[in-house]
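In: need the 3D shape of this:
(3 chains)
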Amino acid sequence: MNLTLKIWRQKNAKTKGKFESFKLNDISPEASFLEMLDILNQQLIDEGKEPVAFDHDCREGICGTCGLYINGRPHGPERGVTTCQLHMRKFKDGDTIVIEPWRAKAFPIVRDLVVDRSAFDLIMQAGGFVSVNTGNAPDANSSPIPKLDADRAFEAAACIGCGACVAACKNASAMLYVSAKVSHLALLPQGKVEAAERVQKMVAKMDELGFGNCTNTYACEFECPKNISVSNIARMNREFLSAKLFAEKPSPIDMGD
Amino acid sequence: MSLAGLFLITFLLVHLGLNLTLLFDKSREVFNLAAHFMATNPLIKVFEVILFGGILIHIFWGITLFFQNRAARPQQYYVSNNSQQSVFSKYMIHTGVIILAFLVLHLMDFWFKAKFIGGMPEVSIDGKTYEDMGLLVVEKFKSPIFSAIYVGFLLLLGFHLDHAFQSALQSVGLNHSKYTPFFKAFSRILAIVITVGFIAIPVVVYFTFPS
Amino acid sequence: MSVLDSKIPDGPISQKWTQYKADAKLVNPSNKRKLDVIIIGTGLAGASAAASLGELGYNVKVFCYQDSPRRAHSIAAQGGINAAKNYQNDGDSVYRLFYDTVKGGDYRAREGNVYRLAEVSNNIIDQCVAQGVPFAREYGGLLDNRSFGGAQVSRTFYAKGQTGQQLLLGAYSALNRQIAKGTVTVYSRRNLLDIVTIDGKARGVIIRNLVTGEIERYFGHAVVIASGGYGNVFYLSTYAMGANASPAWIAHKRGAYFGNPCYVQIHPTCMPVHGEYQSKLTLMSESLRNDGRIWVPKNKKDVERIRRKELSPNDIKEEDRDYYLERRYPAFGNLVPRDVASRAAKERTDAGYGVNDTGLAVYLDFKDVIARIGKEAVAAKYGNLFQMYEKINDENPYETPMMIYPATHYAMGGLWVDYELMTTIPGLFAAGEANFSDHGANRLGASALMQGLADGYFVLPYTLSNYLADEIRTPRMSTDLEEFVKTEQEVKDRVEKFTAIKGTESVDSFHKRLGKIMWDYCGMGRNAEGLKKALALIPELRKEFWKNVRVPGGNDYYNPEIEKAGYVADFLELGELIVRDALHREESCGGHFREEYQTEEGEALRNDNDFAYVAAWEYKGENSIPELHKETLKFEAIELKQRNYK
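Out: Predicted coordinates:
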């Protein structure tokens, strides 16, 4: 198939970017979207031009590195897939495809279609963990966990941190991402211990980093390649409200860290 | 935001209930008595302050969220498709601002006039004199342009409400695999009931009431 | 006498690790703060090591090429992680896991290391559950297990088909906790360009910031390489696109010996190649072999009609199907180890029974299990894998059998390390897939996750402390020392050389050509003639690369072509060593199958008299032949036997 690509080019975070158009011929419908971009880049290198920079790594939909805003939708027209799992059979011969990077204040552009998502790491560092040292664990089967809870925790933990939720949200809100981690840990007895503290710290960090607010448009759920549910956002709201309302202040002589 | 919104929904329901009496009681007696009660009862006066507080909070947060959210994406997309499942949810600030304009107009027409401008028609019920608020309503709605504007605004209110109720529940953390589908349906029904109810008044007045 | 000392503690096999821990030197808490540890890579081994060492109080700096430590390719491991918990009451034990791993590795692994691995496997599961890893559970709330190849017990813990993801996120969360506490600093989008040695000890690294192109220097009292395996030397593999051998190769060039490079695992169940433009092969988890049955048609006539799409596989009658694994290995059936399953698929397709248009695919069929337990139960077990298959191939595996073919998946070989995971450079350690230690000539399924976490959580904290205990008097060194400055200049020259060549052929194109040589002559089946040919072709290709590669753009901003050029330049050297190792090892074992050495039935024929050793290669300079050192493998707890899965 023959395609016209309209791709955002930008040298780094400080310079202004613009769209550049490319013609691409004889693309197999069996090729993946990123393989199509590989072909484009090979063509650009052969012409002595600089290839288009885009993020990608595992190319099997799990590392969360790839993320392109394709024709107005994160990860393209197909639901429940990452960009690397999208195949050209979802497009038609003669199509024009507009490719943009994720756009959010908290995700500055590194180059072309590559953005810096380290804000996601900072949120996790604020509290996305269970405080347990190596070697301290009791036997794995010492506390049974209802299968339904374990399954729901897993579904939330399946988040790959790609940022499509932020990209899709008209407010560039990170609520789905943060709530997935809050939910995952809040649903398990191991995570329950620190739940109240965790949700407050993670939400505060998220707000500080300049993500937008949730106005419940549910675009995030619709575009999430891993189908993470907005019920996680409700759970986080619940956890957050109850932590704010009922959690006691830390004791003034608390010597812990 | 959500709590203020939920509060405003309850107000709308009370307001609708009172207004609908106009349609069923052509003498406007019940309506006028109720209007009088609402205007004079000290408890209601307290609620009036709370109500305005609620509106202000709702407006304040609405606008704050709008600006915060806009700042979260300084550069817009070149192509952006509607990927959300709820269409109206994307336009809450837009419908909200128009509704605010409508609210001002609405208050000027009725509440402001009764309270500060005066010159209200009067009516006597059981020997006592009351302001004939009902007559004011009926007279206003006999104007086709006025009624059409009202209907238009009320439709926007409906769109606003369609998202409102279930969204408010989600925001306070009420989401459950069993009940959420029901709440979503209920939210839409509530929006339709409120909108149709309010729209019924100008429409019925315009077409059926004698001039 | 070999120069290699594996430092295996004395005593009976079950007491070695206990004895080691009892004897190991410790570092007191106030001294730990003064000691810096550098870790390259944030996969299971790197992240778990960084977190655990941070918890102990060391000052840890960890580097990854990805934009976040959470994206290391451990995340893509699907099936599960082994542990000898015996929760199923089916006869498992530490000894049996140890035995299965040594046997699965075709008796080319070091007994002491493997026993330790089996020993700590149970602690790993406990640790992960405590971190909140949502393993699959049964309705009673206790952990569930599944079966994997090469074992007759169910000992694999899993989280749907995303076990690696969940374990890595667990390690990542432990890492985040230490970052918040300030004991660990993460440097992402960074590439290792060189290792600095001072007085023979590893003392620091030279790093390139991929975003700005700046070259940075970091000091460490010890350096850990946890950068994964080198399977991308084949170009097409199940590895991530960015997975590279450069840190290990750099260590090798600085003096660390490279162990058993020819042991590369070809995984039997991957999606077949479908076009020239293909960039990557996707794995379908080995767990599918629990319930899927592998077959090709019995009759060539049917094969041809299937290839012409005149027949659907569902049209082939039961008696016309050749379930070749069940036929050849009735005891283990579809659950034979990976090397055996891969070779059996190659044998059938070489004989002309491949079922897709390239003739390089076999069927993996779920018809029977769907009939037995129902579509829903199958979906609960493998739903995400089936969905992934459908997305990529546009075919519904609930209705038509999957098409699969072997692909490069894992490197058993790697940096030679002793029992303490230290390479032949003092102070330079290697963990996870980057070292050679635990899997012998073939790795069993669900053992890579186990090894990565064992090394990081439970081994390195002891062995690294044992080394660092002698370093407490070494103050932090300035990175302005001559050794740092000199090493930095060398790597700068190399980076600038890439962009200065201005040739005509892209980096990817060279990589593809190397991959083809490797796959054709050093893939699933190898012979002396082909290997010799490869040994001539690779240096030629390397020469051409340095003359004619085209690396567009500059080196002072984000330019992925530069990092790729570095990876491929290293692959072009490593590829030659792999071939050399494969040529020297005149036997067949595990992932290394020399066609000259097979039994009459076509099974791998080992030669324990001449080759029961680890081949550790010493780098001797750019155009010199590396020197082979042998570490003889002693089997005390297990008797050396020909593997038998029949």
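
In: residues contacting the residue of the stretch 101-250 of chain C found nearest chain B?
Out: Of all residues in the stretch 101-250 of chain C, residue C:134 sits closest to chain B, at 18.1 Å by CB to the nearest CB. Heads up, the C-betas are built off the backbone N, CA and C, glycines and all. Residue C:134 is in contact with A:150-151, A:153-154, A:157, A:184, A:188, C:159, C:166, counting by CB atoms under 8 Å, 6 or more residues apart in numbering or on different chains.

In: export those residues as TSV, with columns for pLDDT and distance to chain B.
Out: Shown next, in TSV, are the contacts of residue C:134 (pLDDT from 0 to 100; distance: CB to the nearest CB, whole Å):
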residue	pLDDT	distance to chain B
A:150	96	16
A:151	95	12
A:153	97	15
A:154	97	16
A:157	98	18
A:184	98	16
A:188	97	19
C:159	93	21
C:166	98	23
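
In: out of these, name the ones that lie in helices.
Out: Those of those mapping onto helices are A:150-151, A:153-154, A:157, A:184, C:166, per DSSP state H.

In: which two from the residues you listed end up farthest apart in space?
Out: A:151 and C:166 (12.6 Å; CB to CB).

In: tell me which of the two has more neighbours.
Out: Between residue A:151 and residue C:166, residue C:166 has the larger neighbour count (other CB atoms under 10 Å in any protein chain shown), namely 27 against 17.

In: identify the spatial nearest neighbour of the more buried one, chain neighbours not counted.
Out: residue C:159 (4.2 Å; CB to CB, 6 or more residues apart in numbering or on different chains).

In: count of neighbours near residue C:539?
Out: Neighbours of residue C:539 under the rule other CB under 10 Å: 14.

In: from what I see, it and residue C:576 are in contact.
Out: Yes. Using CB atoms under 8 Å, residue C:539 is in contact with residue C:576, at 6.5 Å.

In: not counting sequence-adjacent ones, nearest residue to residue B:55?
Out: The shortest distance from residue B:55 to any non-neighbouring residue, by CB to CB, 6+ apart, is to residue B:8 (6.7 Å).

In: one more: residue C:77?
Out: residue C:164 (2.6 Å).

In: and that neighbour, how far is that from residue C:232?
Out: 17 Å (CB to CB, to the nearest Å).

In: residue C:445 now?
Out: Applying CB to CB to residue C:445 and residue C:232 gives a distance of 21 Å.

In: likewise residue C:430?
Out: According to CB to CB, residue C:430 stands 18 Å off from residue C:232.

In: next one: residue C:43
Out: According to CB to CB, residue C:43 and residue C:232 sit 14 Å apart.

In: between these two, who's got more neighbours?
Out: Neighbour comparison, residue C:43 and residue C:232: the larger count goes to residue C:43, with 34 against 26 (by other CB under 10 Å).

In: what sits against the more buried one?
Out: Residue C:43 neighbours (CB under 8 Å, 6+ apart): C:72-74, C:168, C:226, C:228, C:432-433, C:452.

In: give the contact list for the residue in chain B that chain C sits nearest to.
Out: Residue of chain B nearest chain C, by CB to the nearest CB: residue B:177 (17.5 Å). By CB under 8 Å, 6+ apart, residue B:177 lies in contact with residue A:231.

In: also residue C:520?
Out: C:530, C:534.

In: could you report the distance from it to residue A:15?
Out: Taking CB to CB, one finds residue C:520 at 45 Å from residue A:15.

In: likewise for residue C:414?
Out: Counting by CB to CB, the gap from residue C:414 to residue A:15 is 42 Å.

In: compare these two (neighbour count), which wins?
Out: Applying other CB under 10 Å to residue C:414 and residue A:15 shows that residue C:414 carries more neighbours, namely 30 against 12.

In: neighbours around the residue lying closest to the more buried one once chain neighbours are set aside, how many?
Out: Nearest non-adjacent residue to residue C:414, counting by CB to CB, 6+ apart: residue C:436, 4.3 Å away. For residue C:436, the neighbour count with other CB under 10 Å is 30.
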